[in-house]
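> Whatever this is, show me its structure:
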Amino acid sequence: MGFFSKLKDSLTKTRESINEKFESVIKTFKKVDEELFEELEEMLITADLGVHTSMDIIEKLRTAAKEKNIVDSAALKGELAQILQDILTEGDNNEMQVYGLPAVIMVIGVNGVGKTTSVGKIANMYRQMGKEVMIAAADTFRAAAIEQLEVWADRAGVSIIKQQDGADPAAVIYDAVKAAQKRYMDVLICDTAGRLHNKKNLMEELKKIYRILERELPDSAKEILLVLDATTGQNAVQQAIQFKEAADITGIVLTKLDGTAKGGIVFAIKNEYDIPVKLVGVGEGIDDIAVFDAEEFVAGIIGNDEA
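Residues are numbered from 1 along each chain as shown. A predicted model of the protein is given here:
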């Protein structure tokens, strides 16, 4: 099964939540009028796009209908798909930045969202591209996090730098940077502790790690990826807000997309906080992660069979 097929499959529940409700609304309201727009706005809100983003989308839909003189409600589907795609592709921060020796990918997020699993999958993805990859096990706080990461590193066939439980995460990162430079690694992926209950400590820890990366690798790309569990819906938006205060997030890794109808949250996070989805996970396998494609994502939601 190709990745788009997997993606489309994983978006089944989100597609039912957005596309099928959309189809139902436009069958009920044949003509384009205010009542139709109000119904569509409510539909988007219930599909986890958030109030502000839903209102923005409907305003753009109104404008498009007026400018193009659209009177048949069915004709709005293509306009909606274009608006959704524009939200996800706006700006120049959507691509993964991987340059320098090594390029750095720092992975952050609360426990339970699939953070450690994502580190393993990302390592495997870049190794499959022919890159030399190293993992830094800087989540020294959670019991068994290092062992779990070792299993993933072994599966991906990449090296890992670790210390004992409770070690200073910044010291682990420093050691990993030096080892990655010495071994001419292409990519260094840093796992970090996933706690938010004491935000001040987390913030200081992430800042300390980032200072080391900036000092030791000034010319390397640095992606700070927040792992979000799609099944948590609006809760994921709150996590994005809180982590954005602690770190300069460059993108999102969206996990557990296949188990939810709440994939619409990616539009709210990009539209309101300008944090793009960069990687998406669509299953449990080590290969079930890929660089995010906005066009494919929207096609998977809107039910465009031609994509």
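> going forward, measure contacts and count neighbours with C-alpha atoms only.
OK.
> all helices for the stretch 151-300 of the chain, in order.
Listed in chain order, the helices of the stretch 151-300 of the chain (DSSP state H, counting those that start in this stretch) span 169-182, 199-216, 234-246, 265-273, 294-302.
> Which elements pack onto the third one?
Right, the one you point to is helix 234-246. For helix 234-246, the elements it packs on are helix 199-216, strand 222-229, helix 265-273, judged by 3 or more C-alpha pairs under 8 Å, 6 or more residues apart in numbering; DSSP states H and E.
> which regions of this protein sit below the pLDDT cut-off?
1-4, 10, 195-199, 258-262, 303-307 (pLDDT under 70).
> rewinding a little: now for the helices and strands packed on helix 234-246, which one comes closest to Ile26?
Distance to Ile26, taken as C-alpha to C-alpha, is lowest for helix 265-273 among those, at 21.7 Å.
> Give me the contacts around the closest one.
Helix 265-273 is contacted by residues 48-50, 52-53, 84, 87-88, 230, 233-234, 236-237, 240-241, 275-277 when judged by C-alpha atoms under 8 Å, 6 or more residues apart in numbering.
> In space, what's closest to Asp186 - neighbours in sequence excluded?
Among residues not flanking Asp186 along the chain, Pro102 sits closest, at 4.6 Å (C-alpha to C-alpha, 6 or more residues apart in numbering).
> separation between that neighbour and Lys222?
10 Å (C-alpha to C-alpha, to the nearest Å).
> picking up where we left off before, Lys21: which of the helices and strands packed on helix 234-246 is closest?
Of all those, helix 265-273 comes closest under C-alpha to C-alpha, at 16.6 Å.
> Report the buried residues of the closest one.
Neighbour-count burial for helix 265-273 flags Ile265, Val266, Phe267, Ala268, Ile269, Lys270, Asn271 (criterion: 16 or more other C-alpha atoms under 10 Å).
> next one: stretch 183-190
So stretch 183-190, judged by 16+ other C-alpha under 10 Å, has buried residues Met185, Asp186, Val187, Leu188, Ile189, Cys190.
> So what touches that stretch?
Against stretch 183-190 from outside (C-alpha under 8 Å, 6+ apart): 98-107, 119, 123, 126, 131-138, 173, 176-177, 180.
> Keep only those of those that are in helices.
Cross-referencing the contacts of stretch 183-190 against helices under DSSP state H gives Val119, Ala123, Tyr126, Ile173, Ala176, Val177, Ala180.
> rewinding a little: just put the helices of the stretch 151-300 of the chain in TSV and tack on distance to Val253.
Formatted as TSV, the helices of the stretch 151-300 of the chain follow (distance: least, C-alpha to C-alpha, whole Å):
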stretch	distance to Val253
helix 169-182	21
helix 199-216	18
helix 234-246	11
helix 265-273	10
helix 294-302	14
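> List the residues that contact Met96.
Met96 neighbours (C-alpha under 8 Å, 6+ apart): Glu223, Lys278, Val291.
> phi, psi of the residue nearest to Asp186?
Pro102 adopts backbone torsions of phi -90, psi 160, taken as degrees, to the nearest 10.
> before we move on, back to that, list just the nearest of the buried residues of stretch 183-190 to Lys77.
Of these, the one sitting nearest to Lys77 (C-alpha to C-alpha) turns out to be Ile189, at 40.2 Å.
> From Ala153, how far off is the closest one?
Ile189 is 11 Å from Ala153, by C-alpha to C-alpha.
> what's near enough to touch the residue nearest to Lys21 when sequence neighbours are not counted?
Of all residues not flanking Lys21 in the chain, Met43 sits nearest, at 6.8 Å (C-alpha to C-alpha, 6+ apart). For Met43, the contacting residues are Ile18, Lys21, Phe22, by C-alpha under 8 Å, 6+ apart.
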